[in-house]
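# Structural data only, the sequence is not supplied:
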């Protein structure tokens, strides 16, 4: 289908989609907080101070969407600046939570902004003001107008750590005639697995422009010291809110609606055999903390929130089992260090799953449910290596946890097997940085080799 027709159709429909989706966007922004902060940046309007920061010396512009992609983008930023400490970078994000995480890392060489709405006059204005030497899109966040306008200005457009969930792949394949002309504009892409090359090539990216670099998400390059410091603070909070010494923590990581009650009930059941077990929940969306607390309280638990407040907290008649709810952002890695077992969320209720690798790299045994579609390749790799326990449904979860609680050594061996399987992704951020610098003709760092491992 002609690219001109596709862009005409896109620009006719986009304003309608934006208007229809505006109420939900505003509601979500209000719920998560920070909506008003720099809101005008979404329309290409910046303060003089921000203009000065983003418009210096043709920076690399990296765009990510939400918190998960921002953590990945920050690994890229770290690798790029390790290669060239003077390299200026602009990092944009779509969500308010992503902005908060990224803004905490701002520096003289890293500026953080909200991503502009992908209307041509807005995207064009921001491109002129940033004047980047390259536009790097993270995972699968391809904005048609931004991509086309960058190409028109001679700016290389790169897709780093390109990832397709099964759902996105099916949707893109059905609309291939519409998406292929846009994907074909990309100057290159890196993918985590060799199998991904054919999938992206089928959507329009030239095969010779796709490189296998391992997964930046699974590259354990984040510094350990800040996480260790956070872990100490979290341990102090647990102690101050009533956690006795010597307890064993079951961690529900990145949980979704319904999984908190599932895990709370399971923890109460496990205490019959393991009275030292305590439960900490880290919901995927921190703003759900008060809602989770209210539901748990209604079911006879005594919830404690790390950040939020909720009505009914003082009404605790009779003995109640305490459950800690970490309704904060950016502390999940630190929680892994305190846990004995980790159950990864969005794998029992909802679909797609959440990242199972970070707790494995923290040397923790991990159990996931059946709904891990977004991590199908890595879950298959880990299960085959004996580095992950996947259960077919919630009914199998109690037995899996009992076995690991009875034999902690087996859990540690499972975590080590998982870490060994993931070693092939070590250095992925450095490889992506070298690839980006090569694309813009800059001096490259020594490239980390892609480790051999199961594919």
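The structure has been received and is ready for your questions. Predicted, not measured: the structure shown is a model, and the values here were computed from it. Numbering: from 1, shown residues only.
# alpha carbons only for contacts and neighbour counts from here, please
Fine.
# Sketch out the low-pLDDT regions of the stretch 351-455 of the chain for me.
Scanning the stretch 351-455 of the chain for pLDDT under 70 picks out the ranges 443-455.
# 90 instead?
351-352, 355, 358, 361, 373-378, 381, 422-426, 441-455 (pLDDT under 90).
# hey, where'd the helices end up in it?
Using DSSP state H, counting those that start in this stretch, the helices found in the stretch 351-455 of the chain span residues 357-361, 376-384, 397-406, 408-422, 428-439.
# so what secondary structure elements neighbour the shortest one?
If I follow you right, that is helix 357-361. Helix 357-361 sits against helix 332-336, helix 408-422, with contacts defined as 3 or more CA pairs under 8 Å, 6 or more residues apart in numbering; DSSP states H and E.
# With distance to residue 336 and mean neighbour count as extra columns, can I get the helices of the stretch 351-455 of the chain in JSON lines?
Formatted as JSON lines, the helices of the stretch 351-455 of the chain follow (distance: least, CA to CA, whole Å; neighbours: other CA atoms under 10 Å):
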{"stretch": "helix 357-361", "distance to residue 336": "6", "mean neighbour count": "23"}
{"stretch": "helix 376-384", "distance to residue 336": "18", "mean neighbour count": "18"}
{"stretch": "helix 397-406", "distance to residue 336": "16", "mean neighbour count": "16"}
{"stretch": "helix 408-422", "distance to residue 336": "12", "mean neighbour count": "21"}
{"stretch": "helix 428-439", "distance to residue 336": "22", "mean neighbour count": "24"}
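# could I get those helices as JSON lines with distance to residue 230?
Converted to JSON lines, these look like this (distance: least, CA to CA, whole Å):
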{"stretch": "helix 357-361", "distance to residue 230": "15"}
{"stretch": "helix 376-384", "distance to residue 230": "28"}
{"stretch": "helix 397-406", "distance to residue 230": "26"}
{"stretch": "helix 408-422", "distance to residue 230": "22"}
{"stretch": "helix 428-439", "distance to residue 230": "24"}
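# The ones you listed: which one's closest to residue 321?
The closest of the helices of the stretch 351-455 of the chain to residue 321 is helix 397-406. By CA to CA, the value is 18.0 Å.
# circling back: figure out which of the helices and strands packed on helix 357-361 is closest to residue 158.
Among the helices and strands packed on helix 357-361, the nearest to residue 158 by CA to CA is helix 408-422 (24.9 Å).
# What lies in contact with the closest one?
With contacts defined as CA atoms under 8 Å, 6 or more residues apart in numbering, helix 408-422 is touched by 218, 357, 360-361, 363-366, 381-382, 385-388, 404, 453-454.
# repeat that with 10 Å
Helix 408-422 is contacted from outside by 214-215, 218-220, 340-341, 356-366, 378-379, 381-389, 401, 403-405, 451-455, using CA atoms under 10 Å, 6 or more residues apart in numbering.
# Now do it against helix 397-406, angle only.
Inter-element angle recorded for helix 408-422 and helix 397-406: 100 degrees (by axes from the mean of the first three to the mean of the last three CA atoms, to 10 degrees).
# Tell me what angle helix 408-422 forms with helix 376-384.
Interaxial angle, helix 408-422 versus helix 376-384 (the same axes, to 10 degrees): 130 degrees.
# For residue 55, which of the helices of the stretch 351-455 of the chain is the nearest?
Closest among the helices of the stretch 351-455 of the chain, using CA to CA: helix 428-439, at 19.3 Å.
# which secondary structure elements does the closest one contact?
Counting contacts by 3 or more CA pairs under 10 Å, 6 or more residues apart in numbering; DSSP states H and E, helix 428-439 is packed against helix 67-83, strand 134-138, strand 157-160, strand 188-191, strand 210-212.
# Check which element follows the last one along the chain.
Of the helices and strands lying after strand 210-212 in sequence (DSSP states H and E), the nearest is helix 224-240.
# next SSE after that following helix?
For helix 224-240, the succeeding helix or strand toward the C-terminus, using DSSP H and E, is strand 248-255.
# That next one pairs with which strands?
Strand 248-255 pairs in its sheet with strand 277-283 (parallel), strand 341-344 (parallel), by DSSP bridges.
# Which of the residues in stretch 92-110 are classified as buried?
For stretch 92-110, burial by neighbour count (16 or more other CA atoms under 10 Å) applies to 92-103, 109-110.
# meant to ask about stretch 112-132, not that
Within stretch 112-132, the residues that count as buried by 16+ other CA under 10 Å are 112-119, 122-124, 126-127, 129-132.
# got it, and stretch 44-61?
Buried residues in stretch 44-61, counted by 16+ other CA under 10 Å: 44-46, 53-56, 58-61.
# which stretches of the stretch 251-400 of the chain form strands?
With strands called from DSSP state E, counting those that start in this stretch, the stretch 251-400 of the chain shows them at 277-283, 301-305, 321-325, 341-344, 366-368, 389-390.
# Contact partners for the closest residue to residue 228 other than its chain neighbours?
Spatial nearest neighbour of residue 228, excluding adjacent residues (CA to CA, 6 or more residues apart in numbering): residue 334 at 6.5 Å. Applying CA under 10 Å, 6+ apart to residue 334 gives the contacts 224, 226-235, 359, 362.
# Dump these to TSV, plus distance to residue 197.
Formatted as TSV, the contacts of residue 334 follow (distance: CA to CA, whole Å):
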residue	distance to residue 197
224	32
226	35
227	34
228	37
229	40
230	38
231	39
232	42
233	43
234	41
235	43
359	28
362	30
